[in-house]
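In: Sequence and predicted model, in that order:
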Amino acid sequence: MKVNILTPDKSLYHGNAKSVILPGIGGQFEILDKHAPMIAALGKGIINLTDDKEEKTKIEIVRGFCEVLNNEINLLVRV
């Protein structure tokens, strides 16, 4: 699935991923390939992203929003 992580100032990540674990307002949740469409608010925590080559990326955020649609994840966050 495609993943785009943006701040108001710049792009933090653009690429493919197998798994994305996000810090939701009510707790962590994971998004996998072909996830159902959704919109969620994100709280303070760490985004854990695993790409197709099993390489892991961690991005610490303060808050943000997540949109999942058509096997694409778009995140707008504050770091």
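Out: Done, it's in.
In: quick one: the helices in the chain?
Out: For the chain, applying DSSP state H gives no helices.
In: need the strands for it, in chain order.
Out: Here the chain has its strands, by DSSP state E, at 2-6, 11-16, 19-24, 27-32, 38-42, 45-50, 56-61, 63-69, 72-78.
In: got the angle for the fifth one vs strand 19-24?
Out: Between the axis of strand 38-42 and that of strand 19-24 there is an angle of 60 degrees, by axes from the mean of the first three to the mean of the last three CA atoms, to 10 degrees.
In: tell me how far strand 38-42 is from the chain's mean position?
Out: 10 Å (CA atoms, centre = their mean, to the nearest Å).
In: So which elements touch that strand?
Out: Packing partners of strand 38-42 (3 or more CB pairs under 8 Å, 6 or more residues apart in numbering; DSSP states H and E): strand 19-24, strand 63-69. Heads up, the C-betas are built off the backbone N, CA and C, glycines and all.
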